[in-house]
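Trainee: Sequence first, predicted coordinates after that:
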Amino acid sequence: MGRILITGCSTGFGRAATVELTKRGHDVVATARKPETLEDLDVAERIRLDVDDDGSVKDAVAKAGTLDALVNNAGFGVVGPIEKLPLVEAKRLFDTNVFGTLRMIQAVAPGMRERGSGTIVNVTSLAGRVAPPLGGVYAASKWAVEGMSEALYYELGHFGVRVRLVEPGFFATEFQGKEPRHALDGPPYDELDEQWQESFEKLRGGGEPQGPEPVAAVIADAVESTERRLRWPVGDDADMVLAARTSLDDEAFEDAMRSVLGLTW
């Protein structure tokens, strides 16, 4: 069993992955900006970590010691049209979702490379493959991590280090519904927002969305697997959308999604 550092363990996928990997016998180093949110977790170690801060990353990795795996999960979203989303919000999002991931990779990769082993799992999203309306900046951050991870897969694979992308569809976490929202209270994008919110019901068949546990199980599988596999989508919606995206041209894909989701915008 290995020693695994997970970022963003206070809620959602990070917390669920912490529980799952601990159940499987791993020594988990759980991290969060507010370590008091981790007190109820039965883990090997709890460490304060702000992935936006170089010094915090350096200190946390030093405290964690030799790592067999890193799970980059920390991140957040924003909702709003590209035209009107404040640039300061976009920069803040990228600093966590993209540069925070990069900070962590640069902190742990040298040791893994020198030892000739290790696994880096980057948690992205279905939005990292197919960008939704009103989620363009969030999607851009996840696309950036997808591209970075694909390059890293080839760069570190030569040295025996595995790189994974876990790509969840829609799952219920504390993350959903709490993202900052911009320019959606009135025209010109309020109608699109209303339709897009209704589309989520169609994507999940009108039922309640699953909790984060299925994603946590795939994160754990990605940590433990010896497969030479980069991408690990999670969820029926992810499978359906990605299958359509890869098999249809742009116009046909748009028509199919409009039909399935009932979008008239």
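Mentor: On my side now, so go ahead.

Trainee: Ranking helices and strands of this structure by mean pLDDT, which lands last?
Mentor: Each helix and strand of the chain was given a mean pLDDT (mean pLDDT, DSSP states H and E); the minimum falls on helix 190-203 at a mean of 82.

Trainee: downstream neighbour of that helix in the secondary structure list?
Mentor: Proceeding C-terminally, helix 190-203 gives way to helix 213-224 as the next helix or strand, assigned by DSSP states H and E.

Trainee: Quick check: residue 45 touching residue 63?
Mentor: Yes: counting by C-beta atoms under 8 Å, residue 63 is a contact partner of residue 45 at 7.5 Å. Using the backbone N, CA and C atoms, a C-beta is placed for each residue, glycine as well.

Trainee: how far is the lengthiest helix in the chain from where the chain is centred?
Mentor: When the chain is parsed with DSSP state H, its longest helix is helix 136-157. Centroid displacement of helix 136-157 relative to its chain, using C-alpha atoms, centre = their mean, to the nearest Å, is 11 Å.

Trainee: For it, list every residue counted as buried.
Mentor: Neighbour-count burial for helix 136-157, counted by 16 or more other C-beta atoms under 10 Å, picks out 136-146, 148-149, 152-153, 156.

Trainee: biggest separation within those residues, which pair?
Mentor: 136 and 156 (29.7 Å; C-beta to C-beta).

Trainee: Can you name every helix or strand that the least confident helix or strand of the chain contacts?
Mentor: helix 250-261 (3 or more C-beta pairs under 8 Å, 6 or more residues apart in numbering; DSSP states H and E).

Trainee: In PDB, list the C-alpha atoms belonging to the helix it packs on.
Mentor: Provided in PDB are the C-alpha atoms of helix 250-261 (Å, rounded to 0.1, in the frame of the first residue of the first chain):
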ATOM      1  CA  ASP A 250     -19.700  19.800 -34.800                       C
ATOM      2  CA  GLU A 251     -23.100  20.500 -36.400                       C
ATOM      3  CA  ALA A 252     -24.400  17.000 -35.700                       C
ATOM      4  CA  PHE A 253     -23.200  17.100 -32.100                       C
ATOM      5  CA  GLU A 254     -24.900  20.400 -31.500                       C
ATOM      6  CA  ASP A 255     -28.200  19.100 -33.000                       C
ATOM      7  CA  ALA A 256     -28.000  15.900 -30.900                       C
ATOM      8  CA  MET A 257     -27.400  17.800 -27.700                       C
ATOM      9  CA  ARG A 258     -30.100  20.400 -28.400                       C
ATOM     10  CA  SER A 259     -32.500  17.500 -29.000                       C
ATOM     11  CA  VAL A 260     -31.500  15.600 -25.900                       C
ATOM     12  CA  LEU A 261     -31.400  18.600 -23.600                       C
END
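
Trainee: rewinding a little: nearest to residue 33, of the buried residues of helix 136-157?
Mentor: Closest to residue 33 out of the buried residues of helix 136-157 is residue 141 (18.0 Å), distances taken as C-beta to C-beta.

Trainee: Roughly how far does the closest one sit from residue 179?
Mentor: Distance, residue 141 to residue 179, using C-beta to C-beta, to the nearest Å: 12 Å.

Trainee: Would you map the helices across the protein?
Mentor: 12-23, 54-64, 87-94, 101-115, 136-157, 190-203, 213-224, 236-247, 250-261.

Trainee: which of those helices sits most buried?
Mentor: helix 12-23 (a mean of 24; mean count of other C-beta atoms under 10 Å).

Trainee: So which residues make contact with that helix?
Mentor: For helix 12-23, the external contacting residues (C-beta atoms under 8 Å, 6 or more residues apart in numbering) are 4, 6-9, 28, 30, 32, 41-43, 71, 73-74, 123, 168, 171, 173-175, 211-213, 215-217, 219-220, 223.

Trainee: Alright, that wraps it up for me.
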